[in-house]
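Q: following is a predicted model, sequence given first.
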Amino acid sequence: MIYLDYQATTPVAPEVAAAMRPWIEEGFGNPHSAHRPGREAAAAVEVAREKILSALALGAAEASPAGRIFFTSGATEAANWALKGAAARLPASRRRIVTLATEHACVLDTMGWLAAQGFEVDILPVRSDGLVDLDVAAARITGETGLVAAMLVNNEIGVIQPVADLAALARGVGALFFCDAVQALGRVPIPLPVCDMVAVSAHKVHGPKGIGALWLREGTAIDPLLHGGGQEGGLRSGTLSPALCVGFGEAARLLAARAGEDEIHVGRLWSVARAALCDWSLNGSGERRYRGNLNLRREGLDSARLLSEVREVAISAGSACASGSGRPSHVLSALGLSEREARSSIRIGFGRYTKEEDLVRALSLIADAANRQQAFAA
């Protein structure tokens, strides 16, 4: 199987698996216990926390503001906690929340829940290239806005939103800014200096599943989402897994150590893929995007059929979260694509462990299957 679905999840780095193993086998102490095994586990958790903080600052032009990493079960929990926790503290005069039509389901569904609680939710459209119009955003991020949320790198089409500009608009009216940086961590610089809350995930960066984190700027107050033992500074209850925390920390360390190498490798794979499928149309901006995400469409293609025919290759027709829903991608629809165009689109994701020869083989299989479809339809 040739794996080309890096936006859904990434292979666990061998170094990560090795770093986790001792904390599964011998270092099983509860990191919230006062005895020696507990203290040793707690120390490992804190080391991991620092490594993730360092990864968040990769490529930043400015020094990172003071803030703290809070471990969560994943980015979905982090986004829910940030949005619900911040919204709960908004004054009556600022119960307006602004986000984008191309956000991940964990944000859009949370917005739906908040709307049902009486908040005013404004979902901004995007242009055909997948990017928000900043003039539209400026007109709709008003003095009544208390919270703005935007994804830095889109999980379906890879476009890089002008998050720093959106955050500046939010800051200009005194609103909080939340950034979903799940697909951005270690790949593009995260504008921490203008963010108040940032969500990240381990399994998108060669770490384990089941753990994410929420970065909170110092002084940003949110209500807890989970109640119980008051772990994680009294804000997030639940016993942490030292193994998962260590795994995330090691994955973050590798992001820094391999940043240049990974970028060059992904750029090369992008060039190979674009050349091989040059007759396919690119969904989303060709310039403002992370090049490890290639979302393409071909006229008349049935992407679901293509996926079933190319069984040697793991690719997708969109977000793994929406897989099997039967609905066309809300992201592609937001770009103005018709249902037919959306259903003729595929997403190819590659990264650190993708071999060029495997990618070339996979692209050949994809092109052949698409050509057969077109021949039968003629």
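A: Arrived safely.
Q: centre-most residue in the protein?
A: In the chain, the centroid-proximal residue (Cα atoms, centre = their mean) is Val182; its distance is 2.5 Å.
Q: quick check: that residue touching Val198?
A: No. Between Val182 and Val198 there is no contact under Cβ atoms under 8 Å: 9.6 Å. Glycine gets a C-beta too; all of them are placed from N, C-alpha and C.
Q: hang on, the earlier thing: for the residue nearest to the centre of the chain, give me its contacts.
A: By Cβ atoms under 8 Å, 6 or more residues apart in numbering, Val182 lies in contact with 75, 104, 151, 153, 155, 199-201, 204, 212.
Q: try 10 Å this time
A: 7, 74-76, 78-79, 104, 106, 151-153, 155, 198-205, 212 (Cβ atoms under 10 Å, 6 or more residues apart in numbering).
Q: could you look up the SS state of it?
A: coil (DSSP: H, G, I helix; E, B strand; the rest coil).
Q: do you know how far it is from Ala8?
A: 11 Å (Cβ to Cβ, to the nearest Å).
Q: likewise for Thr72?
A: Distance from Thr72 to Ala8, counting by Cβ to Cβ: 19 Å.
Q: neighbour-wise, which of those two wins?
A: Set Thr72 next to Ala8 and count neighbours by other Cβ atoms under 10 Å: Thr72 wins out with 27 against 19.
Q: any idea how far that one is from Gly336?
A: 34 Å.
Q: where does the protein have low pLDDT?
A: 318-326, 377-378 (pLDDT under 70).
Q: quick one: the strands in it?
A: Along the chain, the segments classed as strands by DSSP state E run 2-3, 67-72, 96-100, 120-124, 145-151, 176-180, 197-201, 212-217, 281-282, 293-297, 313-314, 345-349.
Q: got the CA coordinates for the second one in CSV?
A: When you say that, I think you mean strand 67-72. Below are the C-alpha coordinates for strand 67-72, written out as CSV (Å, rounded to 0.1, in the frame of the first residue of the first chain):
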residue,chain,number,x,y,z
GLY,A,67,1.9,31.3,27.1
ARG,A,68,1.3,27.7,28.2
ILE,A,69,0.6,24.4,26.5
PHE,A,70,-2.3,22.4,27.9
PHE,A,71,-2.5,18.8,26.8
THR,A,72,-5.8,17.5,25.5
